[in-house]
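Peer 1: What would the 3D arrangement of this be:
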Amino acid sequence: MAFISWNFYVFLAILVIAYYLIPKKLRWYVLLLGSLLFYWQMVEKSLPAFVMFLATAAVTYAFALLIAMLVKRNLMKQAGGILAAGIALTVLPLLLDKEANFILVNWMKADQMELIVPLGLAFYTLQMISYLADVYKGRVRSQKNPLKYLLFVSFFPQIVQGPIPRYEQLSEQLYEGHSFDERKFTKSYMLILWGFFLKLVIADKAGVIVDTIFNDYQAYLGAYVWLGGFLYSIQLYTDFLACVTLAQGAAGLFGIDLVDNFNHPYFSTSVRDFWRRWHLSLSFWLRDYIYIPLGGNRKGKARKYLNILITFAVSGIWHGGGYKYLIWGLMHAFYQILGGLLMPVKNMTDRVLRLKEGSRIRKALQMLVTFFFVMIAWIVFRAESLRVALTMIKSMFTVYNPWVIMNDSVFRLGLNWREYTLLIFAIIFLAVTSAVQEKGYCIRDRILKYSIFVRWAIYIGTMIFIMIFGTYGYGFDPQAFIYGGF
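Peer 2: Residues are numbered from 1 along each chain as shown. As a prediction, the model looks like this:
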């Protein structure tokens with residue numbers, strides 16, 4: 001029941017109607033029933049996977065109650081021990097999923113073992129850990145009603161691929177029951193349309209070229225890798241943004257707000273700035289539950305840099321097993337550490353080149369340099385292995401074949417010239433839209449100011465455009481969301 005399937009929207013429509021038909025105080029039951037049904041379908045009716053999710057939820061629910069009781073009695077040492085045990089039990093399935101087979105195959109030279117991997121494991125694990133930690137810190141009160149807690153950890157729009165919510169951000173919205181708000185409902189519908197555009201017109205279309213290049217890396221080197229790296233950066237962003245946008249749109253139909261997960265990350269002027277804009281719910285989670293508890297930047301530069309390395313190592317491990325994800329995470333740590341160490345050199349270079357603080361040229365150069373380093377890391381992230389990634393990156397600087405971008409060679413990568421043209425204009429449209437939003441302009445609010453005839457002309461026109469020019473229009477099967485694999 002994927003977000004881009006018709007059956008999901010039939011399911012969503014039935015759920016929305018049921019939600020607004022019953023009394024407010026009972027509406028959270030509709031969300032709970034719908035969430036459990038959705039998850040049952042998403043795990044393909046696998047009873048072991050479904051039971052594992054429920055068991056993990058039950059464990060964290062019970063541990064949170066015990067932690068709250070100990071904290072109330074001021075038994076902080078014992079509460080800390082229970083917190084550590086609860087986190088260990090919660091994170092164990094995730095560690096087994098990410099690292100067990102890698103260790104078995106590469107270190108112990110043994111065969112892989114079959115693991116039960118519940119969908120959304122990486123996302124709901126962090127959600128549950130933050131809940132336990134927040135109860136321990138006294139930021140939130142433990143939820144006494146087990147069904148309400150189950151709704152919090154299973155809410156269907158965000159369980160599969162985030163964003164990763166905090167209890168204080170989401171819980172009351174789920175439980176209180178919302179009145180129908182036409183304006184919010186319409187804005188949520190527009191979010192769903194935008195999500196379809198991002199996924200089917202940009203992400204999946206770019207993915208055709210990306211797959212061709214990365215799946216046959218020995219044949220496509222040099223300029224092909226530059227193209228593949230650029231388009232994968234766009235594909236990953238629009239794919240993940242589409243999923244989050246669809247999740248926000250679906251939740252908004254019930255009057256529920258999910259947190260934003262992106263803030264135009266490719267407008268970043270440094271890698272540090274990038275992580276203030278990319279996958280925000282994960283970035284803030286890593287900051288609040290890894291980096292700050294380690295000491296943050298409060299214990300000197302050496303300790304600060306060590307904490308950055310540990311935090312981004314955790315980020316790499318969270319994304320997947322094996323060396324390449326760990327190296328990808330450490331690359332981002334290295335970028336930030338090196339950026340801090342070379343700050344005097346950077347400032348001197350700016351003075352020599354007369355690049356004034358805040359000037360457009362300086363900002364554009366910073367954005368280009370940041371995008372380049374992020375793209376190099378994305379190549380490591382996407383490649384089949386670390387060895388393949390290093391081969392591809394090396395060819396970017398040793399194989400000289402820029403003409404393949406200008407002649408008809410690129411049309412042998414899966415898209416014809418019409419599809420290329422559409423993809424280019426779609427990316428430009430995304431960039432312009434993002435620039436407008438970066439200045440605080442809400443396009444959806446502007447659309448709502450038009451007459452009902454103009455608004456519906458925009459909605460219908462957008463749907464027709466996506467159906468004709470999206471991946472459905474060219475006979476491709478829409479690809480699964482990339483972050484569903486994490």
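
Peer 1: Next up, the contacts around Ile22.
Peer 2: Val30 (Cβ atoms under 8 Å, 6 or more residues apart in numbering). In short, each C-beta sits where N, CA and C put it, glycine included.

Peer 1: Domain ranges for the protein, per the record?
Peer 2: Domain assignment for the chain by automatic domain parsing gives 6-179, 181-222+235-258+400-486, 269-382.

Peer 1: need those domains in TSV with distance to Met392 and mean pLDDT, can you?
Peer 2: Formatted as TSV, the domains of the chain follow (distance: least, Cβ to Cβ, whole Å; pLDDT from 0 to 100):
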stretch	distance to Met392	mean pLDDT
domain 6-179	21	89
domain 181-222+235-258+400-486	5	87
domain 269-382	6	89
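
Peer 1: Now render these as JSON lines, adding distance to Thr391.
Peer 2: Converted to JSON lines, the domains of the chain look like this (distance: least, Cβ to Cβ, whole Å):
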{"stretch": "domain 6-179", "distance to Thr391": "19"}
{"stretch": "domain 181-222+235-258+400-486", "distance to Thr391": "7"}
{"stretch": "domain 269-382", "distance to Thr391": "10"}
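
Peer 1: List just the one of the ones you listed that sits closest to Ile393.
Peer 2: Closest of the domains of the chain to Ile393 is domain 269-382, at 5.8 Å (criterion: Cβ to Cβ).

Peer 1: can you count the residues close to Gly162?
Peer 2: For Gly162, the neighbour count with other Cβ atoms under 10 Å is 28.

Peer 1: so how far is Ala58 from it?
Peer 2: 22 Å (Cβ to Cβ, to the nearest Å).

Peer 1: Ile192 too?
Peer 2: 33 Å.

Peer 1: neighbour-wise, which of the two wins?
Peer 2: Per other Cβ under 10 Å, whichever of Ile192 and Ala58 has more neighbours is Ile192, with 20 against 13.

Peer 1: Can you point out the helix or strand that includes the closest residue to the more buried one other than its chain neighbours?
Peer 2: Spatial nearest neighbour of Ile192, excluding adjacent residues (Cβ to Cβ, 6 or more residues apart in numbering): Gly249 at 3.8 Å. Per DSSP states H and E: Gly249 is located in helix 223-252.

Peer 1: Can you list the helices and strands that that helix packs against?
Peer 2: Using 3 or more Cβ pairs under 8 Å, 6 or more residues apart in numbering; DSSP states H and E as the contact test, the elements touching helix 223-252 are helix 156-159, helix 182-196, helix 204-215, helix 360-382, helix 386-398, helix 403-406.

Peer 1: show me what contacts the residue lying closest to Trp226 once chain neighbours are set aside?
Peer 2: In space, and not counting its chain neighbours, Trp226 is closest to Met396: 5.9 Å by Cβ to Cβ, 6+ apart. By Cβ under 8 Å, 6+ apart, Met396 lies in contact with 222, 225-226, 229.

Peer 1: Ok, Leu83 next?
Peer 2: Counting by Cβ under 8 Å, 6+ apart, Leu83 touches 63, 67, 132-133, 136.

Peer 1: go with 7 Å
Peer 2: Residues near Leu83 by Cβ atoms under 7 Å, 6 or more residues apart in numbering: 67, 132-133, 136.

Peer 1: before we move on, which element is the nearest residue to it once chain neighbours are set aside in?
Peer 2: Residue nearest to Leu83 in three dimensions, not counting chain neighbours: Tyr136, with 4.7 Å by Cβ to Cβ, 6+ apart. Using DSSP H and E, Tyr136 maps to helix 121-137.
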